[in-house]
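**Q** no FASTA, just this:
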DNA sequence: GTTATTGCTGACGATATAGTCGAAACTGAA
DNA sequence: TTCAGTTTCGACTATATCGTCAGCAATAAC
């Protein structure tokens, strides 16, 4: 007893150490999320992050080359999670109406549960408008738009042109984040998500009409219905 | 000849000097606009601004107590102009459909002509989500929402409740800025404004439906129509 | 137990930026 | 011209923050 499987281990590749370092990385990311939501991407000091993560300052630079790297990685991760959730929830929706509602719904749920990530998403997007911003931020957002496009595209029989799909994606993504950002600052006691849901159908109705008009002839969703 | 009106001047209050200092202030504001659009609110150094305005550093502090003050004033001014243009263009529109289209149209025109102000608008809004941001920024945005609400309210016979109006305002403002922000980063060669206009009617159609449902009974615009 | 490797630390040097302030330039009036 | 009031200037100080690095601690290998 208590003997076997030692000789054949070869290289389990530092299982415990590996877990430990991954934990530190997560501590840093978690701390960064909080600090970013508190002070913004630019005003957050590295010291703030390491102190909140309760690690030495040097440790930060073991995991990231600097603030730019950190932000780029975080945005990439957040957007990937958002994309994954969209894909999961929309996997087999073929009705365009349902699909759009689902896409927006995913965003609502996502933002509600993860305020810090929403702030990151918004701040990152704001930086996209600048002439000099953090590098490596743009492509994740493009990929994110493309995911929406793919979902819409696969739910529509007739192919929409690339530009039209892109417009739809911009409209959906823009509307949700835009509405949310205003609602959050102006209606304290209201249940923002609930309300957003009611407006959601308004937008969806409009978008479906937009799609119908963009199609060559009738035929919107999966068929005549 | 060349004599009169000297004794009675009292104090025209330095008309020329006044103009001169106002010019300096404008130089600073103009420079700040450009620098903010280039580096963002936080990363813009005061030196950047004064240098671009071609004034000494100390001059900056003659006009503003610091960066916070500058940003607060700029956002206030930009939003006031936006509100004024909305009020001008929507003065006597009583059809809710037309009105919503006009409101969105004003935003499109405004943003197109003034990229730096759009960036400022967006960056400022992003900062509203933070726990610590520039002070004095929030109320201008609320006022701006309320202007939209007033316009909508005055175009509808039946009174909508305050929360419903607020939701509409958030939807309109959020949609335009949100769509714009994505469109601008993703479709280089496209005419963003043109496209936005086409999507605009989609949103408006949805919103009008939303309003109809929120009303006690029929009666949407100025009458039966 | 000893050694090698890897991860963690926080004080430190270098740099960058905010805001100040006394002097200079300018303005309009007399 | 002279003068008082006002505006501008930019060198300077104080401070804040970055990123480094030499040493320490924890872990894995032997």
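**A** Yep, it's here. Remember, it's a predicted structure, so these values are computed and weren't measured experimentally. Residues are numbered from 1 along each chain as shown, chains lettered A, B, ... in the order given.

**Q** just for chain A, where's the confidence low?
**A** For chain A, the stretches flagged by pLDDT under 70 are A:1-17, A:188-190, A:216-225.

**Q** show me the helices in it, by range?
**A** A:15-39, A:46-53, A:57-63, A:67-90, A:96-113, A:115-128, A:138-155, A:162-186, A:192-214 (DSSP state H).

**Q** list of residues touching the fifth one?
**A** Residues from elsewhere that reach helix A:96-113, judged by Cβ atoms under 8 Å, 6 or more residues apart in numbering or on different chains: A:81-82, A:85-86, A:89-90, A:93, A:117-118, A:121, A:148, A:151-152, A:155-156, A:172-173, A:175-177, A:180, A:192-193, A:196-197, A:200-201, A:203-204, A:207-208, A:211, A:220-221. Heads up, the C-betas are built off the backbone N, CA and C, glycines and all.

**Q** what's around residue A:78, how many residues?
**A** 21 (other Cβ atoms under 10 Å in any protein chain shown).

**Q** OK, contacts around the closest residue to it other than its chain neighbours?
**A** Spatial nearest neighbour of residue A:78, chain neighbours left out: residue A:117 (4.8 Å); criterion: Cβ to Cβ, 6 or more residues apart in numbering or on different chains. Taking Cβ under 8 Å, 6+ apart as the contact definition, residue A:117 lies against A:33, A:78, A:110, A:111.

**Q** relative to DNA strand D, how far out is the first one?
**A** When Cβ to the nearest atom of the strand, to the nearest Å is applied, the distance between residue A:33 and DNA strand D equals 16 Å.

**Q** that residue against residue A:120, yeah?
**A** Yes - when contacts are counted by Cβ atoms under 8 Å, residue A:33 is listed as touching residue A:120 (6.8 Å).

**Q** so which of those two has more stuff around it?
**A** Taking other Cβ under 10 Å, residue A:33 and residue A:120 do not tie; residue A:120 has more neighbours (24 against 20).

**Q** and the more buried one, what does it touch?
**A** A:33, A:36, A:37, A:41, A:74, A:75, A:78.

**Q** what's the local residue count around the one residue in chain A that gets nearest to DNA strand C?
**A** Closest to DNA strand C within chain A is residue A:58: 2.0 Å, counting by Cβ to the nearest atom of the strand. Neighbour count of residue A:58, defined by other Cβ under 10 Å: 8.

**Q** equivalent analysis for residue A:147, please.
**A** Neighbour tally, residue A:147, other Cβ under 10 Å: 21.

**Q** residues contacting it?
**A** Applying Cβ under 8 Å, 6+ apart to residue A:147 gives the contacts A:83, A:86, A:87.

**Q** how about the second one: what's its closest non-neighbour residue?
**A** Taking Cβ to Cβ, 6+ apart as the measure, residue A:86 lies nearest to residue A:106, with 5.0 Å between them; neighbours along the chain are not counted.

**Q** care to break chain A down by domain?
**A** A:16-64, A:68-214 (automatic domain parsing).

**Q** quick revisit: which one of the contacts of residue A:117 is nearest chain B?
**A** Among the contacts of residue A:117, residue A:111 lies closest to chain B (Cβ to the nearest Cβ), at 10.9 Å.

**Q** any idea how far that closest one is from residue A:63?
**A** 27 Å (Cβ to Cβ, to the nearest Å).

**Q** overlap in contacts, residue A:33 and residue A:120.
**A** Common neighbours of residue A:33 and residue A:120 (Cβ under 8 Å, 6+ apart) are residue A:74.

**Q** residue A:178 and residue A:125, how far apart?
**A** From residue A:178 over to residue A:125 the distance is 10 Å, taken as Cβ to Cβ.

**Q** look at the two and report which has more neighbours.
**A** Each of residue A:178 and residue A:125 has its neighbours counted (other Cβ under 10 Å); residue A:178 has more, 26 against 21.

**Q** distance-wise, check that one relative to residue B:162.
**A** 21 Å.

**Q** and residue A:99, by the same measure?
**A** Residue A:99 is 33 Å from residue B:162, by Cβ to Cβ.

**Q** of those two, give the one with the bigger neighbour count.
**A** Comparing residue A:99 with residue B:162 by other Cβ under 10 Å, the one with more neighbours is residue A:99, at 23 against 12.

**Q** return the distance of that one relative to residue B:181.
**A** Taken as Cβ to Cβ, the span from residue A:99 to residue B:181 is 23 Å.

**Q** again with residue A:137
**A** Counting by Cβ to Cβ, the gap from residue A:137 to residue B:181 is 13 Å.

**Q** check contacts around residue A:29.
**A** A:73, A:74, A:77.

**Q** which one of these has the most neighbours?
**A** Neighbour max across these (other Cβ under 10 Å) = residue A:74, 23 neighbours.

**Q** next up, the contacts around that one.
**A** A:29, A:32, A:33, A:36, A:120.

**Q** just residue A:36 next, same as before
**A** A:44, A:71, A:74, A:116, A:119, A:120, A:123.

**Q** state the distance from the third one to residue A:197.
**A** Computed with Cβ to Cβ, the distance linking residue A:74 and residue A:197 is 28 Å.

**Q** now do the fourth one
**A** From residue A:116 over to residue A:197 the distance is 22 Å, taken as Cβ to Cβ.

**Q** please apply the same query to the last one.
**A** Here the distance between residue A:123 and residue A:197 works out to 25 Å (Cβ to Cβ).

**Q** cool, the second one as well?
**A** In this view, residue A:71 and residue A:197 are 31 Å apart by Cβ to Cβ.

**Q** quick check on the two: which one has the bigger neighbour count.
**A** Neighbour totals were compared for residue A:71 and residue A:197, and residue A:71 leads with 25 against 14 (other Cβ under 10 Å).

**Q** OK, contacts around the residue lying closest to the more buried one once chain neighbours are set aside?
**A** Nearest non-adjacent residue to residue A:71, counting by Cβ to Cβ, 6+ apart: residue A:134, 5.0 Å away. Contacts for residue A:134 (Cβ under 8 Å, 6+ apart) come out as A:41, A:67, A:68, A:71, A:72, A:124, A:127.

**Q** can you give me the neighbour number for residue A:191?
**A** 11.

**Q** oh, that last question was meant for residue A:56, not what I typed.
**A** The burial count assigned to residue A:56 is 11, neighbours taken as other Cβ under 10 Å.
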